[in-house]
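Novice: Have a look; sequence and predicted model below, questions after that.
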Amino acid sequence: MRRLRLRYQLAGSTHRGAVRDHNEDAIDWVAAEQWALAVVADGIGGYNGGALASSLCVERFVADIEQRLSGVDVATWTPAQMQTSLRAAGQGVNRQLKREQRRQVQFGRMGTTLVAGLAWGDYLCVIHAGDSRCYRLRRRQLAMLTRDHTYVAELAARGELDDQALRAHPLRHVLTRSLGRREPFEFAVSTRRVEAGDIYLFCSDGLSNCLAPAVLKRLLGGVDRPAAIAAGLIDAAQSRARDNISAVVMAF
């Protein structure tokens, strides 16, 4: 049996930003005895539709994971088992969103992004769809662990756009994947080992678009408490954020 080696702390914060009068982001986090979960969702589909989609996404995803891991010796789980559970929870979210679209026709176009990380033992499994992101700060080096599911990100991956052109592209916000679109849904899922001292940031694009990587790196490494880190990120972004801004921080 693999022993539980690393401990974790979590905290998060969300804000409507400087321009919008409502918040379509939703966040949550759970610190259980053997595992920890961070979740961020960014709603799509108008004032009520986006907020409904993101809140349903987070509530359903967290409840599903809690049910799957309740009473289980998670320390014995393999990365493949955890990836299967996260995918199943995500598919459950997508089915619920499709049911709500059929039940409430005014929300027929609602959807949401999702980025979530589940830590257990010395592993972290990340699942995502859309342009909400996961970053890691390790030994003063910042890395983005997810790749945006956007039209321009696909162009960049094929070498058709450089970073400067990507940031200025008029279609840079067009998503190629978001929950609520189709069934079954294809998620991006990855697992990596964590190290003591790692800090992980799960955020909506409102935050990552507002704060440059150098600023994210400085704020993530500036204090050692996730609550203070999350508050600092939101404080740095909210005065000029044109979108909702959300951050959940997981520290080891």
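Specialist: Cool, got the structure.
Novice: First-to-last residue distance for stretch 134-151?
Specialist: One end of stretch 134-151 to the other measures 19 Å (C-alpha to C-alpha, to the nearest Å).
Novice: where's Ser55, which helix or strand?
Specialist: Ser55 is located in helix 46-69, with elements delineated by DSSP states H and E.
Novice: ditto for Pro184
Specialist: Take DSSP H and E as the rule and Pro184 turns out to sit in neither a helix nor a strand.
Novice: please begin residue numbering at 36 from this point
Specialist: Yep, numbering from 36; the last one is Pro219 now.
Novice: and stretch 104-113, what's its mean pLDDT?
Specialist: Averaged across stretch 104-113, pLDDT comes to 94.
Novice: scratch that, stretch 161-171 is what I was asking about
Specialist: The pLDDT scores in stretch 161-171 average 97.
Novice: buried sites along it?
Specialist: 161-171 (16 or more other C-beta atoms under 10 Å). From N, CA and C alone the C-beta is placed, and that goes for glycine too.
Novice: Can you tell me which of those is closest to Gly52?
Specialist: Each of the buried residues of stretch 161-171 was checked against Gly52 using C-beta to C-beta; the closest is Ser167, at 14.9 Å.
Novice: what's near enough to touch that closest one?
Specialist: Counting by C-beta atoms under 8 Å, 6 or more residues apart in numbering, Ser167 touches 75-77, 148-150, 181, 237-240.
Novice: re earlier: so which of the buried residues of stretch 161-171 is the closest to Leu45?
Specialist: Within the buried residues of stretch 161-171, distances to Leu45 taken as C-beta to C-beta reach their minimum at Cys169, with 13.5 Å.
Novice: Surely that closest one is in contact with Tyr235?
Specialist: Yes: the pair formed by Cys169 and Tyr235 meets the contact definition of C-beta atoms under 8 Å, at 6.3 Å.
Novice: Mutual contacts of these two, please.
Specialist: Applying C-beta under 8 Å, 6+ apart, one finds that Cys169 and Tyr235 are jointly contacted by 152, 180.
Novice: just to revisit the earlier point, among the buried residues of stretch 161-171, which are in strands?
Specialist: Secondary-structure check on the buried residues of stretch 161-171 using DSSP state E: residues within strands are 161-164, 168-171.
Novice: just checking, what packs against the helix holding Ser90?
Specialist: Judged by 3 or more C-beta pairs under 8 Å, 6 or more residues apart in numbering; DSSP states H and E, the packing partners of helix 81-104 are strand 60-66, strand 70-79, helix 114-138, strand 146-147, strand 149-155.
Novice: Buried deepest among these, which one?
Specialist: Mean neighbours per residue, mean count of other C-beta atoms under 10 Å, is largest over these for strand 146-147, with a mean of 29.
Novice: which helices and strands sit right next to it?
Specialist: Using 3+ C-beta pairs under 8 Å, 6+ apart as the contact definition, the elements that strand 146-147 packs against are strand 70-79, helix 81-104.
Novice: weakest of these by average pLDDT?
Specialist: Looking at the helices and strands packed on strand 146-147, the lowest mean pLDDT belongs to helix 81-104 (a mean of 94).
Novice: Give me the angle between that one and strand 70-79.
Specialist: Orientation check (axes from the mean of the first three to the mean of the last three C-alpha atoms, to 10 degrees): helix 81-104 against strand 70-79 gives 160 degrees.
Novice: list the buried ones in helix 81-104?
Specialist: Along helix 81-104, these residues count as buried under the neighbour rule (16+ other C-beta under 10 Å): 84-97, 99-100, 104.
Novice: so where is the chain shaky, pLDDT-wise?
Specialist: In the prediction, the chain carries residues with pLDDT under 70 at positions 36-40, 82, 191-206.
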